[in-house]
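Participant: based on what follows, work out the 3D shape:
(one chain, ligands or ions: 2)
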Amino acid sequence: MKAVHFGAGNIGRGFVGLLLHQGGYELVFSDVAAPLVDAINTVDRYTVHEVGEGGRDTVVTGFRALNSAEHPDAVIEEIAGANVVTTAVGPTVLKFVAPLIMSGLALRDPSSPPLQIMACENAINATDLLRDEIKAQAGEAWDALAGRAVFANTAVDRIVPAQPEGAGVDVTVEPFFEWAIERPPFGDDPPTIPGAHFVDDLAPYIERKLFTVNTGHATTAYFGAQAGIDTIAAALSDPAIAARVSAALEETSALLAVKHDLDPTSLADYRATILRRFRNAALPDTVWRVGRQPLRKLSRHERFVGPAAEAAERGLAVDALVAAMGAALAFDDTEDAQSVDLQRMLREQDAASVTAAVTGLEPQHPLFAKVEAVVAARQAELGVAG
Ligand SMILES: NC(=O)C1=CN([C@@H]2O[C@H](COP(=O)(O)OP(=O)(O)OC[C@H]3O[C@@H](n4cnc5c(N)ncnc54)[C@H](O)[C@@H]3O)[C@@H](O)[C@H]2O)C=CC1
Ligand SMILES: O=P(O)(O)OC[C@H]1O[C@](O)(CO)[C@@H](O)[C@@H]1O
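Facilitator: Numbering: from 1, shown residues only. Ligands and ions are numbered 1, 2, ... in the order given. Got it, this is the predicted structure:
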């Protein structure tokens, strides 16, 4: 059995690749970072180090890497003969891997079992986005290709921080992981991924994950950065920040409870587990990594505006989420292109225009005026007229 995995970065090596290896797949990483591809090809094993309570080391073998920028045809050929394709490249990069998957499907023996495709990104229905890209790029050829693949959405959860200089291919991760995968697309033949959790309806899982883990993590990062704190664990040890994070998560839990009929006590346990994970002092995770790409994180269906918009529509509380969005607006990292764009927008546009452009909300939406107020407050801080 063979799996082609796009994105040999943190989650690619530290989670998806690891579980595929444990499932017995021969692993072909595909990446565009030449030094990373070369480093992977110089070793025949790497270690995933779990740090924190209960952590252990696991060795991964049976892998190689291809540079898809330099050798796209080699990747296409591997896809044509693979059982599984996964991605962990970032949701905005899916459109760049789509043509390779499309060409791999075109080359595939139509009598082979369908290729099982799963995008493992922090986004709702990321695999559907990938399928839509492949379909759009295939045009009329799609009808012939559609039957050669099945597409399943997934929710992946494991904190894999940026790796220190000199770590090589080894990866440091937290001990916790969760991988929920839609079962129906596979019929009677799901992939063998030990520890993965196959579910009939992914919506409650992905929303619970994105609107709790990712909302909470990003809230910690943005308040931490604002307070001049460098790491996530240190940010959460500040009682004022911890209270703000808890308040934001109570708002998302209130929405999840009514929307998906989830038990409030289980949601409280889930929140407590997550906050414990964030406090893992052995995990060298920075507010800059977790806060990265604030424009993506503040977009319409993401971890802040997504739940806050639905909560506002239902008349539920949103003030803590809006406060977190206010902190996100202050995220100023000159090495993060989206942070630079956000700060420029705040300086150049009026508050209503920034709110509309960043959040995608209509001006008449019940959340709009509250977000516009924190945008204006940030602009006042910057000394620009809103
Ligand atoms: N790191 C984490 O804790 C988690 C990350 N995720 C998600 O996983 C995805 C990846 O995140 P990380 O691993 O943290 O990022 P990362 O930056 O460590 O890895 C991404 C990798 O994708 C590669 N890449 C970029 N363009 C590519 C292309 N066209 N073809 C092939 N490879 C390409 C990069 O060179 C890099 O090695 C994101 O969607 C993120 O939201 C999800 C859960 C946890
Ligand atoms: O910031 P992104 O790209 O959404 O993804 C990383 C996030 O996902 C997580 O792994 C949570 O599963 C966190 O480590 C981090 O906040």
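Participant: per-residue pLDDT, Arg289?
Facilitator: Per-residue confidence (pLDDT) for Arg289: 97.
Participant: so the one helix or strand Asp73 maps to, near ligand 1 or not?
Facilitator: Using DSSP states H and E, Asp73 falls within helix 72-80. No - on the criterion Cβ under 6 Å from any ligand atom, helix 72-80 is out of touch with ligand 1, staying 8.7 Å away. Placement of C-beta: from N, CA and C, glycine included.
Participant: ramachandran coordinates for the residue in the stretch 251-386 of the chain positioned nearest to ligand 2?
Facilitator: Per Cβ to the nearest ligand atom, Val290 is where the stretch 251-386 of the chain lies closest to ligand 2, at 4.5 Å. Backbone geometry at Val290, expressed as degrees, to the nearest 10, gives phi -70, psi -30.
Participant: switch to numbering from 113
Facilitator: Got it, first residue is 113 now, which makes that one Val402.
Participant: I figured it hits Thr331, correct?
Facilitator: No - counting by Cβ atoms under 8 Å, Val402 does not reach Thr331; the two are 9.6 Å apart.
Participant: show me which of these two is the more surrounded one.
Facilitator: The residue with more neighbours, out of Val402 and Thr331, is Thr331; 30 against 24, by other Cβ atoms under 10 Å.
Participant: from Pro203, how far off is that one?
Facilitator: To Pro203, Thr331 is 20 Å away according to Cβ to Cβ, to the nearest Å.
Participant: show me which residues of this protein sit near ligand 1.
Facilitator: Proximity of the chain to ligand 1, by Cβ under 6 Å from any ligand atom, involves residues 118-124, 142-145, 148, 180, 200-203, 205, 208-209, 233-234, 268, 270-272.
Participant: before we move on, the earlier item: list the residues that contact the residue of the stretch 363-498 of the chain closest to ligand 2.
Facilitator: 329-330, 332-333, 344 (Cβ atoms under 8 Å, 6 or more residues apart in numbering).
Participant: for the residue of the chain found nearest ligand 1, what are phi and psi?
Facilitator: Relative to ligand 1, the nearest point of the chain is Gly121 (1.9 Å; Cβ to the nearest ligand atom). Backbone torsions of Gly121, given as degrees, to the nearest 10, read phi -80, psi -150.
Participant: what number of residues lie near the residue in the stretch 113-262 of the chain that ligand 2 sits nearest to?
Facilitator: Residue of the stretch 113-262 of the chain nearest ligand 2, by Cβ to the nearest ligand atom: Asn234 (3.6 Å). For Asn234, the neighbour count with other Cβ under 10 Å is 22.
Participant: got a pLDDT number for it?
Facilitator: In this model, Asn234 carries a pLDDT of 91.
Participant: measure it to Val201 for me?
Facilitator: 11 Å.
Participant: could you do Arg295 as well?
Facilitator: Distance from Arg295 to Val201, counting by Cβ to Cβ: 24 Å.
Participant: please enumerate the helices of the stretch 113-262 of the chain.
Facilitator: Along the stretch 113-262 of the chain, counting by DSSP state H, counting those that start in this stretch, helices occupy 122-123, 129-134, 146-153, 184-192, 206-219, 238-250, 254-257.
Participant: nearest to Thr173, out of these?
Facilitator: helix 129-134 (7.1 Å; Cβ to Cβ).
Participant: and that closest one, what's buried?
Facilitator: Going by neighbour count (16 or more other Cβ atoms under 10 Å), the buried part of helix 129-134 is 129-133.
Participant: returning to what we had before: how about JSON lines for the contacts of Val402, with secondary structure and pLDDT added?
Facilitator: Listed next are the contacts of Val402 as JSON lines, based on DSSP: H, G, I helix; E, B strand; the rest coil; pLDDT from 0 to 100:
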{"residue": "His329", "secondary structure": "helix", "pLDDT": "98"}
{"residue": "Ala330", "secondary structure": "helix", "pLDDT": "98"}
{"residue": "Thr332", "secondary structure": "helix", "pLDDT": "98"}
{"residue": "Ala333", "secondary structure": "helix", "pLDDT": "98"}
{"residue": "Ile344", "secondary structure": "helix", "pLDDT": "98"}
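Participant: which pair in those residues spans the largest distance?
Facilitator: The most widely separated members of the contacts of Val402, counting by Cβ to Cβ, are Ala330 and Ile344 (10.2 Å).
Participant: if we can go back for a sec, just give the number of residues close to the residue of the chain closest to ligand 1.
Facilitator: 18.
Participant: strands along the stretch 313-462 of the chain, start to end?
Facilitator: Under the criterion DSSP state E, counting those that start in this stretch, the stretch 313-462 of the chain contains no strands.
Participant: that one: helices as residue ranges?
Facilitator: For the stretch 313-462 of the chain, the helices defined by DSSP H, counting those that start in this stretch occupy 315-320, 327-338, 344-348, 351-372, 376-390, 399-402, 406-409, 417-425, 431-441, 449-460.
Participant: so who does the closest residue to Gly336 other than its chain neighbours touch?
Facilitator: Leaving aside its sequence neighbours, Gly336 sits nearest to Ala347 (Cβ to Cβ, 6 or more residues apart in numbering; 2.9 Å). Taking Cβ under 8 Å, 6+ apart, we find Ala347 in contact with 332-333, 335-336, 339, 341, 353, 399.
Participant: I am finished for the moment; much appreciated.
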